[in-house]
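Chemist: No letters, just coordinates:
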Ligand SMILES: Nc1ncnc2c1ncn2[C@@H]1O[C@H](COP(=O)(O)OP(=O)(O)OP(=O)(O)O)[C@@H](O)[C@H]1O
Ligand SMILES: [Mg+2]
């Protein structure tokens, strides 16, 4: 069958893929040479399988055979498809072309599949050629947040805050490496033995990190945080029980009246999501600059300048750090600066910005509580090599940061804002704080669901007068303690 998406026989003849003749790479008439026989997917008895294998064994064997077949088919497809012509083909044309080659190869290999297996195989081959192979269904599944690959045979996913082992596997490490290579080369990066890890943002905005052997001991490690087109809004977060309507009212006042806010939390606790949602309270008339290592924030305001730091190139040159971006941002007349995550030396400039007229700036830090967050900031300042007495560092932090919002991922997978704490000043060498809202845990359902409710602590906000002056006259009842016994 003629197709413009196929390489011509001539083209194939002058560009053999393998120097060593291989029956799977050189289509041969069945009569002249016995084709390499890939395992027969349809034939479970012929390979010495136990006559009465348990159904799960049979399914396993069949899966293994299909996998072996896929490897051969993939080679076949790459050799037969004219990849440059494919760039302009529609998805339907591509699928039909791939299906045809798969069907021809199957008949040549003398493999019979049922219609469901054939459909799955066609789909897998389409993903293999045009997408990211076994990862593709996970990337397309909107319920999956994170994809974590630990070597070729173990792919974990995170759904609704919980990690689970998926049934996705790669054929072997080479297959996994090929997919990693496809991902990183598409964004102009490289990863190999001499450059064994890479951090990148994919074309769709997802955050991607890979580390390959030998640094990754048991096979390549990949982590993908999928980009959500629809960011969770404040209303969504209230609806999902991440915080209460009272807390939302308070946070609106805090952000609108330009308090400096830090969102603190552990890995994947919802820090970036919270920061993004809080940013919706920023007015449209303000000029906001965002600085991130991987651009994830999606602000809705009209006046937003986005910056993304950049690692050094292969020669160790050209790095642009978050600190560089931040210093430059200060010359760009920002009203507010938002740093995606403060984790290093940029802390100095961030504190300075917060202290010098860029009120309303926000960032996230990796910490387990408001108090822990403050110690992290102190440590970051110390690590940045600034020789400053601890008291001076603390007073810088104490006057820069107004509010710490603690995000947590609880054991049942739910993400909640477990505490909102205000910094009220200094007493001697100690930064003083007061918790205004918290999540009160009351019990555990038999299925592991955590029971609890949000409550005020009974303390009125230190900034209540400021809120009032700015037109946010919050009812005092929002600070009340809620008793909700169960
Ligand atoms: N309250 C929530 N309810 C449901 N899903 C949430 C909630 N908050 C965050 N998520 C989802 O959890 C995932 C992780 O969130 P996010 O990226 O905000 O975490 P993070 O703390 O910034 O993580 P990291 O430490 O990796 O930067 C995202 O897919 C996000 O959509
Ligand atoms: Mg984050």
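Modeler: Perfect, I can see it now. Because the structure is predicted, anything quoted here is derived from the model rather than measured. Ligands and ions are numbered 1, 2, ... in the order given.

Chemist: What residues does the stretch 101-250 of the chain have near ligand 1?
Modeler: 145, 225, 228, 232, 237, 240, 242 (C-beta under 6 Å from any ligand atom). Every C-beta, even on glycine, is put in place using the N, C-alpha and C of the backbone.

Chemist: PyMOL command to pick out the buried ones of those residues?
Modeler: A single PyMOL command selects the buried members of these (16 or more other C-beta atoms under 10 Å):
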select buried, resi 145+225+232+237+242
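
Chemist: Cross the residues of the stretch 101-250 of the chain next to ligand 1 against helices and list the overlap.
Modeler: Secondary structure assignment (DSSP state H) places residue 237 from those within helices.

Chemist: quick one: average confidence on stretch 442-455?
Modeler: For stretch 442-455, the mean pLDDT works out to 92.

Chemist: Spell out which parts of the stretch 201-350 of the chain neighbour ligand 2.
Modeler: For the stretch 201-350 of the chain, the residues in contact with ligand 2 (C-beta under 5 Å from the ion) are 271-272.

Chemist: where along the stretch 201-350 of the chain do the helices fall?
Modeler: For the stretch 201-350 of the chain, helices defined by DSSP state H, counting those that start in this stretch occupy the ranges 234-239, 245-256, 271-278, 322-329, 346-355.

Chemist: Turn these into a markdown table, including mean pLDDT.
Modeler: A markdown table is the format used below for the helices of the stretch 201-350 of the chain (pLDDT from 0 to 100):
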| stretch | mean pLDDT |
| --- | --- |
| helix 234-239 | 94 |
| helix 245-256 | 96 |
| helix 271-278 | 95 |
| helix 322-329 | 94 |
| helix 346-355 | 91 |
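
Chemist: out of the ones you listed, which comes closest to residue 479?
Modeler: helix 245-256 (8.1 Å; C-beta to C-beta).

Chemist: Name the residues that touch that closest one?
Modeler: 234, 237-238, 243, 261, 278-279, 281-283, 360, 362, 402-403, 405, 417, 420, 436-437, 454, 456, 461, 463, 467, 470, 472, 474, 478 (C-beta atoms under 8 Å, 6 or more residues apart in numbering).

Chemist: Give me the three-state assignment for the closest residue to residue 136 other than its chain neighbours.
Modeler: Spatial nearest neighbour of residue 136, excluding adjacent residues (C-beta to C-beta, 6 or more residues apart in numbering): residue 127 at 3.8 Å. Using DSSP: H, G, I helix; E, B strand; the rest coil, the three-state assignment for residue 127 comes out as helix.

Chemist: Verify the stated contact: residue 127 with residue 133.
Modeler: Yes - applying C-beta atoms under 8 Å, one finds residue 127 in contact with residue 133, separated by 5.6 Å.

Chemist: Which positions in stretch 383-396 come out as buried?
Modeler: 393-396.

Chemist: So which of those residues belong to strands?
Modeler: Assignment to strands by DSSP state E places none of the buried residues of stretch 383-396 there.

Chemist: Turn these into CSV, columns for pLDDT.
Modeler: Shown next, in CSV, are the buried residues of stretch 383-396 (pLDDT from 0 to 100):
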residue, pLDDT
393, 93
394, 94
395, 92
396, 92
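
Chemist: wait, which of these is closest to residue 336?
Modeler: residue 396 (19.0 Å).

Chemist: Would you mind measuring from the closest one to residue 381?
Modeler: 8 Å (C-beta to C-beta, to the nearest Å).

Chemist: Who are the contact partners of the residue of the stretch 51-200 of the chain found nearest ligand 1?
Modeler: Going by C-beta to the nearest ligand atom, ligand 1 is nearest to residue 145 of the stretch 51-200 of the chain, at 3.5 Å. Contacts for residue 145 (C-beta under 8 Å, 6+ apart) come out as 157-159, 225-226, 228, 268.

Chemist: what about the strands in the stretch 251-400 of the chain?
Modeler: Counting by DSSP state E, counting those that start in this stretch, the stretch 251-400 of the chain has strands at residues 261-265, 288-292, 304-308, 336-339, 362-366.

Chemist: Ligand 1: which of those is closest?
Modeler: Here strand 261-265 is closest among the strands of the stretch 251-400 of the chain (C-beta to the nearest ligand atom), at 5.1 Å.

Chemist: Dig out what the closest residue to ligand 2 within the stretch 351-486 of the chain forms beta bridges with.
Modeler: Among the residues of the stretch 351-486 of the chain, residue 364 lies nearest to ligand 2; the distance is 6.2 Å by C-beta to the ion. As for beta bridges, residue 364 partners with residue 263 under DSSP bridges.

Chemist: Ligand 2: which of the residues of the stretch 101-250 of the chain next to ligand 1 is nearest?
Modeler: residue 225 (7.6 Å).

Chemist: and residue 439, helix, strand or coil?
Modeler: Once three-state DSSP is applied, residue 439 turns out strand.

Chemist: With adjacent residues omitted, what lies nearest to it?
Modeler: Residue 439 sits nearest to residue 418 (C-beta to C-beta, 6+ apart), 4.4 Å away.

Chemist: if I look at that neighbour, how far off is ligand 1?
Modeler: Counting by C-beta to the nearest ligand atom, to the nearest Å, the separation of residue 418 from ligand 1 is 12 Å.

Chemist: any idea how far that residue is from residue 447?
Modeler: To residue 447, residue 418 is 21 Å away according to C-beta to C-beta.

Chemist: that older thread, got a markdown table for the strands of the stretch 251-400 of the chain, with mean neighbour count and mean pLDDT too?
Modeler: A markdown table is the format used below for the strands of the stretch 251-400 of the chain (neighbours: other C-beta atoms under 10 Å; pLDDT from 0 to 100):
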| stretch | mean neighbour count | mean pLDDT |
| --- | --- | --- |
| strand 261-265 | 28 | 97 |
| strand 288-292 | 25 | 95 |
| strand 304-308 | 17 | 95 |
| strand 336-339 | 27 | 95 |
| strand 362-366 | 24 | 97 |
